[in-house]
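**Q** Below is the sequence, then the predicted model.
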Amino acid sequence: MRRQLPLLVLFVCVTAFVFGLMHLFKLRFDVGDVYPNYSSLRADPLGTMAFCESLERMPGISVRRDFSANNQMPHGKETTYLHLGARTSAWRRLDEEVIKEIEGFVTSGGRLAITFFPETGKPFDFFSDLDDSARATPQKKGARQKAEPVKPTKRESKRQEQEEKRLRRLTSLKERWGIEFGYVRLEHGKMGAYEPSLVERQVQLPLPESLDWHSATIFTNLPNTWQIVYSRGTNPVVIQRKFGSGTIVMASDSYFLSNEALRKDRHADLLLWWVGTTKNVLFDEAHFGIVETEGVAALLRKYRLYGLAASLLLLAGLFIWKNSISFVPPFQSEQAQDYVPGKEVAAGFVNLLRRNIPKRDVLNVCFAEWKKSCPQAGKVAPAKQAQAEAVLQAENARPQRDHAPVVRYREIGQILKKI
């Protein structure tokens, strides 16, 4: 029972730890701060869960989240695809297949609504900065290079080839759609934080006259195919364009869709225009890295095997319990001793004699050994020795059940004592 008790305590501790860890993760995922900014799974001020749940409560509108990682758009008819919190660096160049997928979705009647992450200044973009530095420092004519170019290794050359192939597959949105990004830094406030700028409406639509804008990103050098909806001074910040029977709308800020904005600075007319007249709304979560994989957990959720999983856990717990605790108390004789008792030399000698000499021969062996080893055996009177042998023979002549070797041993000892 002593050995089974620690197993029970260990099982209880492990179970409590697992349930505590699950509860902690549940609290974190309920708040949603483990998800990226402007994700519809995030419930804090930086998420868009309130906007998503508000659309779900509207009659006639189906709302779901897109977790697929195959870069395929749904059918565009009466569908709005919300791509929120995007990075401008990721939208300067896109894969040709992705652009064709987007154009196919829009031309079939879909509405693609893109909002960009609110930057307070120009973010770092490796490719654009590299091109700008190359144009800003042209090489003078006749200038000699001071050092020979370093020959790249095989690994570096292979990496460069892969990067060049990838860049060749990318298509610039400036060339395809006429989209180009610029940045006008926001002003600092009294407390050191960035102050939002004021943007004004430029079209005759049922929208607010002005908005507080929390992003330094603007659209520059737009062709006439794009309609400016809001602008920051002369710089467009919200634009839209028709593609076939569908529309693409872009905003350089995502704050007006956030949970904080819906609580402090809500504009329901702007939100309805942003979604458009549609029956299906999809929130893109895949570009945040939140994708659904075909693992065991996904299969459990897909086929709703929660009962099977709970049964297996219960069966495992009962198996551990069965092997750690016995409902029937063990017998006293079956309980093993926790220690090995020590023995003296005499006890070991007695144990050795018991194993090697039968009980009926003990008296004969003792008498024979006495005759061989005792130095006084030769000095014993023949009459006494004959008397002792007579006692031994009389003992051997008795039936087995009447033998008393201890009594005869003492009797012989009394006879031989008087030498």
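**A** Structure received. Numbers count the residues shown, from 1 in each chain.

**Q** Low-confidence ranges, the stretch 51-200 of the chain, go.
**A** By pLDDT under 70, the low-scoring segments of the stretch 51-200 of the chain are 124-156, 158, 162-168, 192.

**Q** all strands of it, in order?
**A** Here the stretch 51-200 of the chain has its strands, by DSSP state E, counting those that start in this stretch, at 62-66, 79-86, 93-95, 111-116, 170-172, 181-183, 197-201.

**Q** The longest one - contacts with which helices or strands?
**A** In terms of contact count using 3 or more Cβ pairs under 8 Å, 6 or more residues apart in numbering; DSSP states H and E, strand 79-86 is assigned the packing partners strand 111-116, strand 280-284. For the C-beta atoms, the positions are set from N, CA and C on the backbone; glycine is no exception.

**Q** Next: the fourth one.
**A** Of the remaining helices and strands, those touching strand 111-116 by 3+ Cβ pairs under 8 Å, 6+ apart are strand 79-86, helix 96-107, strand 246-251, helix 268-275.

**Q** on that earlier part again, how about the helices and strands packed on strand 79-86 in a markdown table, adding mean neighbour count and distance to Gly317?
**A** Output for the helices and strands packed on strand 79-86, formatted as a markdown table (neighbours: other Cβ atoms under 10 Å; distance: least, Cβ to Cβ, whole Å):
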| stretch | mean neighbour count | distance to Gly317 |
| --- | --- | --- |
| strand 111-116 | 23 | 48 |
| strand 280-284 | 21 | 39 |
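
**Q** And the ones you listed: which comes nearest Ile218?
**A** Proximity to Ile218 (Cβ to Cβ) singles out strand 111-116 among the helices and strands packed on strand 79-86, at 10.4 Å.

**Q** who does that closest one pair up with?
**A** Using DSSP bridges, strand 111-116 pairs in its sheet with strand 79-86 (parallel), strand 246-251 (parallel).

**Q** Val350: what's it in contact with?
**A** Contact analysis of Val350 by Cβ atoms under 8 Å, 6 or more residues apart in numbering lists nothing.

**Q** Just the element for it, please.
**A** helix 345-356 (DSSP states H and E).

**Q** Let's see stretch 105-116 as CSV, backbone CA atoms only.
**A** Taking Å, rounded to 0.1, in the frame of the first residue of the first chain, the C-alpha atoms of stretch 105-116 are listed here in CSV:
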residue,chain,number,x,y,z
PHE,A,105,-12.8,36.6,-57.8
VAL,A,106,-13.6,40.3,-58.4
THR,A,107,-14.6,40.1,-62.0
SER,A,108,-17.2,37.4,-61.1
GLY,A,109,-18.9,39.8,-58.8
GLY,A,110,-16.9,39.7,-55.5
ARG,A,111,-15.8,42.6,-53.3
LEU,A,112,-12.3,42.6,-52.0
ALA,A,113,-11.8,44.9,-49.0
ILE,A,114,-8.2,45.4,-48.0
THR,A,115,-7.0,47.4,-45.0
PHE,A,116,-3.4,48.0,-44.2
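
**Q** I'd like the mean pLDDT over stretch 231-251, please.
**A** Average pLDDT, stretch 231-251: 95.

**Q** In CSV, list the C-alpha atoms belonging to that stretch.
**A** The C-alpha trace of stretch 231-251 is given here as CSV (Å, rounded to 0.1, in the frame of the first residue of the first chain):
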residue,chain,number,x,y,z
SER,A,231,-7.9,61.7,-48.6
ARG,A,232,-5.5,63.2,-46.1
GLY,A,233,-5.1,66.7,-47.6
THR,A,234,-4.2,65.8,-51.2
ASN,A,235,-3.1,62.3,-50.4
PRO,A,236,-5.6,59.5,-50.9
VAL,A,237,-6.1,57.0,-48.0
VAL,A,238,-9.3,55.2,-49.0
ILE,A,239,-9.8,54.2,-52.7
GLN,A,240,-11.9,51.9,-54.8
ARG,A,241,-12.0,50.5,-58.3
LYS,A,242,-14.4,48.5,-60.4
PHE,A,243,-13.2,45.2,-61.9
GLY,A,244,-15.9,43.7,-64.1
SER,A,245,-19.0,43.3,-61.9
GLY,A,246,-16.9,43.4,-58.7
THR,A,247,-15.0,46.0,-56.7
ILE,A,248,-11.7,46.4,-54.9
VAL,A,249,-11.6,48.8,-52.0
MET,A,250,-8.4,49.7,-50.1
ALA,A,251,-7.8,51.7,-46.9
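
**Q** in that stretch, what's buried?
**A** Across stretch 231-251, burial judged by 16 or more other Cβ atoms under 10 Å covers 231-232, 235-241, 243, 246-251.

**Q** Go through these and say which is closest to Gly20.
**A** Once Cβ to Cβ is applied, the member of the buried residues of stretch 231-251 that ends up nearest Gly20 is Ala251, at 42.5 Å.

**Q** gap between Thr15 and Phe51?
**A** Plainly put, Thr15 is 39 Å away from Phe51 if you go by Cβ to Cβ, to the nearest Å.

**Q** neighbour count winner among those two?
**A** Phe51 (26 against 13; other Cβ atoms under 10 Å).

**Q** give me every residue that touches that one.
**A** Phe51 neighbours (Cβ under 8 Å, 6+ apart): 40, 257-259, 262, 271.

**Q** Next one: it from Ile61, what distance?
**A** From Phe51 to Ile61 the distance is 12 Å (Cβ to Cβ).

**Q** Equivalent analysis for Ala261, please.
**A** Taking Cβ to Cβ, one finds Ala261 at 20 Å from Ile61.

**Q** Counting neighbours, go ahead and name the busier of these two.
**A** Neighbour totals were compared for Ala261 and Ile61, and Ala261 leads with 23 against 15 (other Cβ under 10 Å).

**Q** got the phi/psi numbers for that one?
**A** phi -70, psi -40 (degrees, to the nearest 10).
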